[in-house]
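>>> sequence isn't available, so here's the structure alone:
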């Protein structure tokens, strides 16, 4: 696969209260705001559950993350659709791998930025 600076990858979804509960079991992040519904029946997503959107894109690319820096700007609640945009910022072709740097932006359904950051890592080239 050929990568170019400026390439953009997108993924969007919403999470259910059950998704938040299951992630809380896996991560043991069970703060009250993640388990007790608010007046609208929603629970707040764990930050790392929100940050899982770019990891789905990375998985599609067979990308091995080496560093992730995510700044959380606003809470995200169950039932709220969020969209992740991963943009290629740097490409370094090496003999056995491609080193990449991506910027990440995650927005809610009102187009308000909820998280942003930077991810670096590699994609290993197939021998053949």
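That came through, no problem. None of these values were measured; they are calculated from a predicted model.
>>> CA only for contacts and neighbour counts going forward, please
Fine.
>>> tell me the contacts of the nearest residue to residue 99 once chain neighbours are set aside?
Among residues not flanking residue 99 along the chain, residue 122 sits closest, at 4.4 Å (CA to CA, 6 or more residues apart in numbering). Counting by CA atoms under 8 Å, 6 or more residues apart in numbering, residue 122 touches 63-66, 97-100.
>>> 6 Å - rerun?
By CA atoms under 6 Å, 6 or more residues apart in numbering, residue 122 lies in contact with 63-64, 98-100.
>>> please convert the buried members of those residues into ChimeraX selection syntax.
In ChimeraX syntax, the buried subset of the contacts of residue 122 is picked out as below (16 or more other CA atoms under 10 Å):
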select :63,64,98,99,100
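>>> coming back round to it: the residue nearest to residue 99 sits in which helix or strand?
strand 113-124 (DSSP states H and E).
>>> what's the mean pLDDT across that strand?
If you average the pLDDT over strand 113-124, you get 98.
>>> ditto for stretch 95-106
Mean predicted lDDT for stretch 95-106 stands at 97.
>>> now do stretch 4-18
97.
>>> pretty sure residue 117 is touching residue 73, no?
No. If you go by CA atoms under 6 Å, residue 117 and residue 73 don't touch, sitting 10.6 Å apart.
>>> show me the strands in this structure, by range?
With DSSP state E, the ranges of strands along the chain come out as 8-13, 64-72, 82-93, 97-108, 113-124.
>>> with distance to residue 47 added, can I get those strands in JSON lines?
Below are the strands of the chain laid out as JSON lines (distance: least, CA to CA, whole Å):
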{"stretch": "strand 8-13", "distance to residue 47": "15"}
{"stretch": "strand 64-72", "distance to residue 47": "7"}
{"stretch": "strand 82-93", "distance to residue 47": "13"}
{"stretch": "strand 97-108", "distance to residue 47": "12"}
{"stretch": "strand 113-124", "distance to residue 47": "9"}
